[in-house]
Every structure is written in structure tokens, then in C-alpha cells.
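*Asks:* let me see the structure of the following:
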Amino acid sequence: MALNSKYKFNLNIIIFLIFTLFNPFFALTATAIFSIITNRINSLLIGILFTLSFSIMFANQEFSSTSDLGSYISMYIGTEDASFSQIFERFIKAPNGQEFLWFFYCKLLGQLSGYSLKVYVLTSYLLIFSLSAYLSFLVSEKGRYNFALILFSLMLFETTFLDSAYDLWRNITAILIALISIVSYFSNQSKIICRIILYSTIFIHISMILIIGLFESYVLSIYRADVYDLNKRLLAFKMALYITVTTFGLIFLSNLMTIDLNIPIFNSIKPAIIKYSGSDTIFPGLTIYIRPFFLLALAYIIYNWKKLNHFDLFLFAIFIIVEILHFTSDSLGMLFSRVTIFTKIGILFLSVKFLKNFDYKYVFVFIFSVFFLRTYIFVYNSRLPFLENIANGEFLNPIYGLIVSRAYFYNPLFYGFSS
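*Replies:* Next up, the predicted model:
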């Protein structure tokens, strides 16, 4: 026992040193490999190192007033002259873009830090990466699935989270909190508390109304806590009916909202409806879904059909619904596009879970392949142009660990702002 404890302690020290000395992308990859070999790495240590290293790395950049991040900084600065009551009143008058919980967060942080821009940026990234680490831990189901592998995949296997975490702060924060509340709800945690947390996300980003509506409709038509047997033959029929009815219902509702904006009940959210309406996307065909993470997720659904939990089923169902709406509906197209962030992160979790069915040697191949292919794409053919801003272009510098990133955590210039 003493030997095992000493081995576990030494392994955790090694992980700590790796994150301290090496770039977090490299460190997370190494941690995922170590975690496949042994299950003795402390999950709390991984979560803390992941959160700190990526938060500091992302915060080490300059911000322009014309960027999306610049608009968030403007929101933050704008709360200095507004009271909490004024912030709430603005939300009542025009909910979209004025969600009061986010502005309360900005106001409170500003009062505590003297409206330091550096503190605001770092704290916002700490919030996002800590929520993602906690969500990944919940999805791991207390070690049933590999926690470090989930974090690795979240950052590198599919880049929806990476892209959103960079500059869609309100959107990704609301999505992560919603996912946490939903997975907790289906894990038989306090239903009331989970619902309160889920509904609060509306006051961070109003687009979460759609997710909440889908969640409640699923609970009403499919979910039966402690008594509903997922192995029943009627499950497939009920799921198909739920997806079909919900999809056509949302198409009808979205068309109604965008065609007749004079309906009194829509008065308070007319600006939001106008903003989110209109879509120039055309359904691209099924070939877009012939991608590794989609195929792994589908394999997980097929292979585990009789063992799926409600969180898995819910993610699968709303993924189909939102994808159909995103690519076929001309109404509220931007809304459906934002919600696809939620569904793609959820589907990513399902794809990572399927890796549990493979021998560890094949998981090693997966980790190495994803790491080298993703870094190659980052350097030579990246669809994420903002990467050159992260760590001032040093985002793939191998020695950009916690020591170096902390030493070079300089005061951002914040072009266009007074610092």
C-alpha cells in the first residue's frame, strides 16, 4: 500500500512538472497518455492545472476594440457607471444583449478589482476553463470514462469549444452551465436546484431558451426518473416521434415569430428575433457528417443502444433536431447556429466515450494522431485565425508552460481602450 501511495504521489508530481515546464497542449496530451497507462493521476490536480495553464495562455494576448473580445471589454467598462438596478431595467426593456447575470458579474468583478482589464480577461477565462473541467469530470462518471482523455478531446479532437471559448464568452459560459445542470439532473441530483441553474442561463445568453425548451419537452415526453426502462421496445418509436414533432413544431414557431412581429407576446424580444432571423446556409448534404468524431458518436449510440442513459439520449435527440433546423430553416438561423455549439460539444462527449471499447494501444494511436494532425492544421491550414493572438503567437511553443506563461503575463495593450 505504501509503495502504491508513493508511486501515485510521484506520478502526480511528474504531471505537475509537465504542466509547469511545457506548453499546455503538449502537457495535456502527455497527461492523457499517462492516464491511459494508469488511473492513479489525481483528477482534481489535472483539472486545476488544465484550468490555470489554458486560462493564462489565452489571457496572454492583445485585444483590439473592434474585435468580439473588444465588445466584451466595452460591456465590462460600461457597467462602471450603471447601478445593479439600472442593469436589470435594461434587461427588462431589451433582453437580447443585456442579460443581467453577465452584467452583474462584470459589475461585481469591476468593483472588486478597480475595473482592471487584466483581471477581467483572466477571470473570464478561468471561469470558462474551470466550468469545462468540471463538466468533463461529470461526464467521466467518477472515473468510468477517462477524465484526461475527455479534456484532451475537448481541446483538440473537435475545435468547437476551442473556438467558442476564445471570444464567445457569454455563449460558452451559458452552454457549459446548462450542460452541467442537465447532466446533474439526469444523474438524480436535486431536480429543483438543477432546474434553477439551467433556467438562470437565459440571463447569461438568451439563446438558451431553445435548449431549455428542448430539455423540458424531452423530460415531459421521454424521461421517467427511476421507473422508465431504456430497454423498452417503444423507446425508438418514442424518440423518433419526439424528434419529428419537436422539429416541425420549432419550424412552425420560428416562422410565426419572424413573419408576424406584431404579436404582443413577442414585443419585448423583437430586437432579438430580428437579430437572430435570416440564414444563408444551405443544407450541405450528409458528407459533412463523415468526420471521425461524428462517426465515433454514432458508433457509441449503436453499440450502447440498450445501455444508454438519458443524458446520452437527450444529446443525440437535440443534435438531430438542431442540425435539421440549422440547415433547413430560414427563420432564426443565427439562433440555431449558436445552439449547435451546445450540441457539438455534447456529441463530442459521446464520441470520446466510445473509445472505452478499444484496447489502450488503439487509444494511444488516437491521441498521437489527433495531436499531430491538429497541430499540423494549426500551423499550416488553420480555420481558427485567432490562434496567432493566443500567447502572442506562442501557442505552440513547447516550453510555454506555467512558469514561462506566468513570467510573460504582461499587461495587455487593449488597443482602443484606456488601461
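
*Asks:* just after the helix or strand bottoming out on mean pLDDT in the chain, pick out the following helix or strand.
*Replies:* Ranking every helix and strand in the chain by mean pLDDT, DSSP states H and E puts helix 270-276 at the bottom, with a mean of 57. Downstream of helix 270-276, the next assigned helix or strand under DSSP states H and E is helix 292-303.

*Asks:* packing partners of that following helix?
*Replies:* helix 310-328, helix 333-354 (3 or more Cβ pairs under 8 Å, 6 or more residues apart in numbering; DSSP states H and E). (Glycine included, C-beta is placed from N, CA and C.)

*Asks:* rebuild those helices as CSV, extending it with mean neighbour count, mean pLDDT and distance to Ile172.
*Replies:* Putting these into CSV (neighbours: other Cβ atoms under 10 Å; pLDDT from 0 to 100; distance: least, Cβ to Cβ, whole Å) gives the following:
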stretch, mean neighbour count, mean pLDDT, distance to Ile172
helix 310-328, 21, 88, 16
helix 333-354, 22, 88, 7
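
*Asks:* turn these into CSV, including distance to Tyr145.
*Replies:* Output for the helices and strands packed on helix 292-303, formatted as CSV (distance: least, Cβ to Cβ, whole Å):
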stretch, distance to Tyr145
helix 310-328, 12
helix 333-354, 5
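
*Asks:* of all these, which one comes closest to Ile77?
*Replies:* Smallest distance to Ile77 across the helices and strands packed on helix 292-303 (Cβ to Cβ): 24.6 Å, for helix 333-354.

*Asks:* quick one: name whatever helix or strand follows the closest one.
*Replies:* Downstream of helix 333-354 (by DSSP H and E), the next one is helix 360-380.

*Asks:* what is the helix or strand immediately after that following helix in the chain packed up against?
*Replies:* Following helix 360-380 in sequence order, the next helix or strand is helix 402-407 (DSSP H and E). Contacts defined by 3+ Cβ pairs under 8 Å, 6+ apart place helix 402-407 against helix 2-21, helix 43-59.

*Asks:* the residue lying closest to Tyr223 once chain neighbours are set aside and Phe186, how far apart?
*Replies:* Closest residue in space to Tyr223, ignoring its immediate chain neighbours: His310 at 5.5 Å, by Cβ to Cβ, 6 or more residues apart in numbering. For His310, the distance to Phe186 equals 4 Å [Cβ to Cβ, to the nearest Å].

*Asks:* what's the overlap in contacts for these two?
*Replies:* Tyr223 (Cβ atoms under 8 Å, 6 or more residues apart in numbering).

*Asks:* so where's the stretch 151-300 of the chain uncertain?
*Replies:* 224-233, 257-286 (pLDDT under 70).

*Asks:* now do the helices in it.
*Replies:* Ranges of helices in the stretch 151-300 of the chain, per DSSP state H, counting those that start in this stretch, are 160-167, 169-186, 191-200, 208-221, 234-259, 270-276, 292-303.

*Asks:* could you dump the ones you listed to a markdown table with distance to Gly70 and mean neighbour count?
*Replies:* What follows is the helices of the stretch 151-300 of the chain, written out as a markdown table (distance: least, Cβ to Cβ, whole Å; neighbours: other Cβ atoms under 10 Å):
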| stretch | distance to Gly70 | mean neighbour count |
| --- | --- | --- |
| helix 160-167 | 9 | 20 |
| helix 169-186 | 12 | 23 |
| helix 191-200 | 27 | 15 |
| helix 208-221 | 24 | 18 |
| helix 234-259 | 30 | 15 |
| helix 270-276 | 19 | 17 |
| helix 292-303 | 32 | 17 |
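
*Asks:* report the contact partners of Asn357.
*Replies:* Neighbours of Asn357 in contact, by Cβ under 8 Å, 6+ apart: Tyr303.

*Asks:* likewise for Leu179?
*Replies:* Here Leu179 is in contact with 135, 342, 345-346 (Cβ under 8 Å, 6+ apart).

*Asks:* can you do 7 Å?
*Replies:* 135, 345-346 (Cβ atoms under 7 Å, 6 or more residues apart in numbering).

*Asks:* any idea how far Gly70 lies from Arg383?
*Replies:* Applying Cβ to Cβ to Gly70 and Arg383 gives a distance of 22 Å.

*Asks:* which one of these two has more residues nearby?
*Replies:* Just comparing Gly70 and Arg383: by other Cβ atoms under 10 Å the higher neighbour count belongs to Gly70, 17 against 9.

*Asks:* ramachandran coordinates for Ser64?
*Replies:* Backbone torsions for Ser64, taken as degrees, to the nearest 10, come to phi -100, psi 150.

*Asks:* ugh, typo on my part, it should be Ser67
*Replies:* The phi/psi pair for Ser67 (degrees, to the nearest 10) is phi -90, psi 170.

*Asks:* how far away is the spatially closest residue to it that is not a sequence neighbour from Thr159?
*Replies:* Residue nearest to Ser67 in three dimensions, not counting chain neighbours: Asp167, with 7.0 Å by Cβ to Cβ, 6+ apart. Here Asp167 is placed at a distance of 13 Å from Thr159 (Cβ to Cβ).

*Asks:* and what of Leu117?
*Replies:* 27 Å.

*Asks:* domain assignment for this protein?
*Replies:* 1-206+360-419, 207-357 (automatic domain parsing).

*Asks:* thinking again about what came up before, hmm, the residue nearest to Ser67 is touching Ile73, no?
*Replies:* No - using Cβ atoms under 7 Å, Asp167 is not in contact with Ile73; the gap is 11.1 Å.

*Asks:* count of residues packed around Phe378?
*Replies:* Applying other Cβ under 10 Å, I find that Phe378 has 19 neighbouring residues.

*Asks:* what residues are up against it?
*Replies:* Contacts for Phe378 (Cβ under 7 Å, 6+ apart) come out as 387, 396.

*Asks:* kindly recompute the last result at 10 Å.
*Replies:* 25, 156, 159, 162, 384, 387-388, 395-396 (Cβ atoms under 10 Å, 6 or more residues apart in numbering).

*Asks:* could you do Ser217 as well?
*Replies:* The neighbourhood of Ser217, defined by Cβ under 10 Å, 6+ apart, consists of 242, 245-246, 249-250, 317-318, 321.

*Asks:* many thanks, I have nothing further to ask.
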